[in-house]
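Trainee: using only what follows, build the 3D model:
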Amino acid sequence: MILNIPNTLTLLRIALIPCLILVFYLSNDTLSAYQKNLTATLIFLFAAITDWLDGYLARKLKQTSNFGAFIDPVADKLIVIAALILLVELGRVESIVAFIIIAREFTISSLREWMATLGESGSIAVAFIGKFKTTMQMIAILFLLYYENILFFPIAVIGKILIYFAALLTMISMIYYLKIAFKILKKKKDY
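Mentor: Residues are numbered from 1 along each chain as shown. Okay, the predicted model is just below:
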């Protein structure tokens, strides 16, 4: 394992997961409901920023590594899954929405792994639809963690709309990647 700046940021993102969850298990005497929401939002926001920053720094500092290529998407998925499960427990996201998003992540990760065994690792590269889906998920999760109105903006309602939109994008992106894989598989007879 190469411990460079980008990989350290990625590992930090994984280390933030228990912090994100534990915030909501603190007593109301320690943190009020508002303080819990704000703290969790800031933790998740920091994690989202490190997600962008570690990739940027890896390219800028020429510190890409096989470990980084492996652990970065794992960290992304872990923090999103942890946040979704937390939001389901808090009653802010329906379990079917969380299931759609989580199931897609497992499906596409497995599909990429399978394509790599067939010598087609670059065929299921991240596309715009995948990046857009991730951006909508991150914003929706931030809104649903915060959950408090800001002035006259109903953050909880906006977050719910965005998470449904993210779930729709999740299904569309899964279909997109599956179609690419099936085209490749049609050409190969020995899979």
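
Trainee: centroid-nearest residue for this structure?
Mentor: Central residue of the chain (C-alpha atoms, centre = their mean): Val80, 3.9 Å from the mean position.

Trainee: break the chain down into its structural domains.
Mentor: Following automatic domain parsing, the chain resolves into domains at 1-90, 94-191.

Trainee: same list, those domains, but as JSON lines with mean pLDDT please.
Mentor: Listed next are the domains of the chain as JSON lines, based on pLDDT from 0 to 100:
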{"stretch": "domain 1-90", "mean pLDDT": "91"}
{"stretch": "domain 94-191", "mean pLDDT": "89"}
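
Trainee: what is whichever strand or helix holds Leu185 packed up against?
Mentor: Here Leu185, judged by DSSP states H and E, is contained in helix 155-187. Judged by 3 or more C-beta pairs under 8 Å, 6 or more residues apart in numbering; DSSP states H and E, helix 155-187 is in contact with helix 95-117, helix 128-146. Every residue, glycine included, has its C-beta placed from N, CA and C.

Trainee: packing partners for the shortest one?
Mentor: Contacts of helix 128-146 with other secondary structure elements, assessed using 3+ C-beta pairs under 8 Å, 6+ apart, are made with helix 33-60, helix 66-89, helix 155-187.

Trainee: so Met138 sits against Ala48, correct?
Mentor: Yes - the criterion here is C-beta atoms under 8 Å, and Met138 meets it with Ala48 at 5.0 Å.

Trainee: what about the residue lying closest to Ile172 once chain neighbours are set aside, how many residues close to it?
Mentor: Nearest residue to Ile172 in three dimensions, chain neighbours excluded: Ile129, at 6.3 Å (C-beta to C-beta, 6 or more residues apart in numbering). By other C-beta atoms under 10 Å, the residues close to Ile129 number 16.
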